[in-house]
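Asks: A structural model of the following input is requested.
(one chain, ligands or ions: 2)
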Amino acid sequence: MKQLKFAARYIARHWWQYLLGIAALYMVDWVNVYVPEFTGRIINGLTDRTLDMQGAMKIVWMIAGMGLMIAIGRFGWRFFIFGAARSIEREMRGDMYGHLSKLSMHYFNRHKTGDLMAHFTNDLMSVRMLLGMTVITAFDATVMLVLVLVQMITYVSPKLTLVAILPLLIITVGDFFYGKMMHKRFKARQEAFSSLTDQVQESISGIRVIKAFVQERKELYAFALSAQNAKDKNLRVVRLQAMMMPIMDLIIGASTLLTLLYGGYLAIQGEIDVGQFVAFNSYVGMLVWPMMAVGECITSISQGLASLGRIHHIFEEQPEIVDGQQTDHDVTALKGEIRLNHLTFAYPDMPDVTVLEDVSVTVKPGETLAILGRTGSGKSTVPSLLVRLYDVADGMITIDGHDLKTIPLGVLRENIACVPQDNFLFSDTLQNNIAFGSADKSLESVIHAAELACIHDNIAEFPEQYQTVVGERGVTLSSGQKQRSSIARALMKAAAPQASAPILILDDALSAVDTDTERKILDNLRTVRGNDRTTIIVAHRISTIQDADHILVLDDGKVAEYGTHEELLASDGLYKSLFDKQQLEKQLREDHEEGGEQNV
Ligand SMILES: Nc1ncnc2c1ncn2[C@@H]1O[C@H](COP(=O)(O)OP(=O)(O)OP(=O)(O)O)[C@@H](O)[C@H]1O
Ligand SMILES: [Mg+2]
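Replies: Numbers count the residues shown, from 1 in each chain. Ligands and ions are numbered 1, 2, ... in the order given. Model (predicted):
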């Protein structure tokens, strides 16, 4: 019931809308119930000939007035209650998005995008239904039921009422079981839908790979299976709903039949008059909807509560990486002295696999640390830990002597400009992509950063230059252009005139750039950043990193070698063999190019 308390917070904010809506609803019901009584009176007056034209007109005018009240009331309850439900949906959606964006990487690793998206669409929709339509139906049904029953008993006959509602009671009992079955089927339907969206999302994101590996057929087949599954699950829901209707009709028919028989008998006996008999038949008709509504309510309440539970579950998820009690709020800027102190780390979802083991390094402000190693050796893990995508034990990483956890998270991330290995461009203009996250979004600053990252010339050639919109994941750019755009984005933070970030991390950010351009970018960095800012470069090519102050060679998470270019060459280990291999490749390439020139 925690989810109800959660929903109550939102409902409380709109209590007056609900109050007005329910008042309007009550008015409509109340007026509705009196209409048959008036009709009954006209009929009686006409049969007894006690009613003259004037009297009849008076009643007709009253009925017309009632009609007007009903019309206004119906507009009122829709306006207030649907309005409140829509507002709550919007507020909840906003809160959910805000909360989700605070959650840690660990959470996103564990949850599929499709599932998360389903919370924003399906679940919010059924919560909206619960707080809108279902509130109305439940209230309306109860009020109608009570008012109509009271009218039937007081205006007509308690005995006849009992006979008429006995069959209708079966509907209510049946509804209970119907609701239970429906809930299960709805859940299955929801899951099928979620996996379907997931599949579509994944195959659209991966369409290039699918095409390249000619897997369209297989994907289509898998998709067809999912679609079939979704259809089956939907049909199971529909089938149950479809069965419900005829059964209802049967019961309603029985009830009407009994009323006609017994009511007719009572009228012949003179216990009730013709007006009452006619009114009573209207009442039985009016009872049918509330009785059925109970069934609808049970299903949409159970569905809405399940959705509310799933949404609440997200809110219960606590961000793991937050400013803790140890946070020292006096730290507002960093200089950039990084120290890894016997750093040992395993990812939370795989606690048994040590990804980094006993890595110790000290980088002074202004120095460059290069990290080299085979793929999977733990290079990218170091930057992730520095920006606290994951937490490590106390004291294992310090910046300027502060343990990472004592630095306010905002300050830490503001002070580190990072080009992640899997760079990402938003579906937006290049200018906005490069200025992303910077306070200064002016075109001059963007151009300056782009020049440093050696991407300006490319961009200048595009017809729309910096206003070029890059598609989802930057599909219109080559991977080298994408990489350099990401570098420019980081340089907005780390190399622009008013840039504040003293630490720059390039995670394999030059891999798709040719060696000449790479050299130019590195030279630019050195000139602009001067010698008081720290740089960490992860790379595979020795040419990228040979000028670094420290070179860390990782092998399976352990420090294989550590030192400067010269020291490592002298020690004749992994670095030396890599160096020799790359020298040889370079030699071969150059020979090949020369050979090519001679052939011309
Ligand atoms: N989010 C994650 N959860 C669990 N394990 C992970 C995660 N990210 C990386 N790993 C694992 O940690 C190890 C080191 O990964 P890392 O990304 O640091 O390697 P890398 O040296 O950067 O490799 P590459 O040169 O290919 O970029 C790998 O074995 C990888 O499978
Ligand atoms: Mg990596």
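
Asks: which bits of the stretch 351-500 of the chain sit near ligand 2?
Replies: For the stretch 351-500 of the chain, the residues in contact with ligand 2 (C-beta under 5 Å from the ion) are 379-380, 421. Every residue, glycine included, has its C-beta placed from N, CA and C.

Asks: could you export those residues as CSV, including secondary structure and pLDDT?
Replies: Below are these laid out as CSV (DSSP: H, G, I helix; E, B strand; the rest coil; pLDDT from 0 to 100):
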residue, secondary structure, pLDDT
379, coil, 88
380, coil, 90
421, coil, 85
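
Asks: same list (those) but as JSON lines, adding neighbour count and distance to ligand 1.
Replies: Listed next are these as JSON lines, based on neighbours: other C-beta atoms under 10 Å; distance: C-beta to the nearest ligand atom, whole Å:
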{"residue": "379", "neighbour count": "25", "distance to ligand 1": "3"}
{"residue": "380", "neighbour count": "19", "distance to ligand 1": "3"}
{"residue": "421", "neighbour count": "17", "distance to ligand 1": "5"}
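
Asks: ligand 2: which of these is nearest?
Replies: Nearest to ligand 2 out of those is residue 380 (C-beta to the ion; 3.0 Å).

Asks: skipping its backbone neighbours, what lies nearest residue 549 in space?
Replies: residue 367 (4.2 Å; C-beta to C-beta, 6 or more residues apart in numbering).

Asks: same question, residue 74
Replies: Nearest one to residue 74, counting by C-beta to C-beta, 6+ apart, is residue 28 at 5.8 Å.

Asks: again with residue 227
Replies: residue 196 (6.5 Å).

Asks: quick revisit: buried residues, the helix or strand containing the residue nearest to residue 74. List them.
Replies: Element membership of residue 28 [criterion: DSSP states H and E] is helix 15-48. Using 16 or more other C-beta atoms under 10 Å as the test for burial, helix 15-48 gives 17-18, 20-22, 24-33, 35-45.

Asks: low-confidence ranges in the protein?
Replies: 331, 471-475, 495-499, 531, 594-600 (pLDDT under 70).

Asks: what does it have sitting close to ligand 2?
Replies: Going by C-beta under 5 Å from the ion, the residues of the chain near ligand 2 are 379-380, 421.

Asks: just how off-centre is stretch 92-105 within its chain?
Replies: Relative to the centre of its chain, stretch 92-105 is centred 8 Å away, using C-alpha atoms, centre = their mean, to the nearest Å.

Asks: likewise stretch 148-163?
Replies: That offset, for stretch 148-163, works out to 52 Å (C-alpha atoms, centre = their mean).

Asks: circling back: surely the residue nearest to residue 74 and residue 71 touch.
Replies: No. Taking contacts as C-beta atoms under 8 Å, residue 28 lies outside contact range of residue 71: 9.0 Å.

Asks: is the closest residue to residue 550 other than its chain neighbours bridged to anything, and to what?
Replies: Closest residue to residue 550 apart from its sequence neighbours, by C-beta to C-beta, 6+ apart: residue 369 at 4.8 Å. Here residue 369 sits in beta bridges with residue 536, residue 550, going by DSSP bridges.

Asks: in space, what's closest to the residue in the stretch 101-250 of the chain positioned nearest to ligand 2 - neighbours in sequence excluded?
Replies: Distances between the stretch 101-250 of the chain and ligand 2 by C-beta to the ion are smallest at residue 105, namely 14.7 Å. Once flanking residues are discounted, residue 105 sits nearest to residue 389: 4.5 Å by C-beta to C-beta, 6+ apart.

Asks: residues in contact with that neighbour?
Replies: Contact analysis of residue 389 by C-beta atoms under 8 Å, 6 or more residues apart in numbering lists 104-105, 321.

Asks: switch the cut-off to 10 Å
Replies: By C-beta atoms under 10 Å, 6 or more residues apart in numbering, the residues touching residue 389 are 104-106, 321, 381, 383, 413, 420.

Asks: can you list which of those residues are found in helices?
Replies: The members of the contacts of residue 389 that map onto helices under DSSP state H are 105-106, 381, 383, 413.

Asks: quick check on those residues: which are buried?
Replies: Buried subset of those (neighbour count, 16+ other C-beta under 10 Å): 106, 381, 383, 413.

Asks: return the residues of the stretch 451-600 of the chain in contact with ligand 1.
Replies: residue 508 (C-beta under 6 Å from any ligand atom).

Asks: against which helices or strands is the longest helix along the chain packed?
Replies: Secondary structure of the chain per DSSP H: the longest helix is helix 216-268. Under the contact definition 3 or more C-beta pairs under 10 Å, 6 or more residues apart in numbering; DSSP states H and E, helix 216-268 sits against helix 158-205, helix 207-212, helix 274-316.

Asks: mind running it again at 7 Å?
Replies: Helix 216-268 sits against helix 158-205, helix 274-316, with contacts defined as 3 or more C-beta pairs under 7 Å, 6 or more residues apart in numbering; DSSP states H and E.

Asks: so residue 76 makes contact with residue 24?
Replies: Yes. Residue 76 lies in contact with residue 24 (C-beta atoms under 7 Å); the separation is 3.3 Å.

Asks: at the contact with ligand 1, which residues of the stretch 1-150 of the chain appear?
Replies: residue 109.

Asks: tell me which element the closest residue to residue 88 other than its chain neighbours is part of?
Replies: In space, residue 88 comes closest to residue 10 once its chain neighbours are excluded; the distance is 4.5 Å by C-beta to C-beta, 6+ apart. Following DSSP H and E, one finds residue 10 within helix 2-13.

Asks: what's that helix in contact with?
Replies: 18, 88, 91-92, 131, 305, 308-309, 312, 315 (C-beta atoms under 7 Å, 6 or more residues apart in numbering).

Asks: and it, what's buried?
Replies: Within helix 2-13, the residues that count as buried by 16+ other C-beta under 10 Å are 3, 6-7, 10-11.

Asks: what's the answer for stretch 449-464, then?
Replies: Neighbour-count burial for stretch 449-464, counted by 16+ other C-beta under 10 Å, picks out 449-450, 452-456, 458-459.
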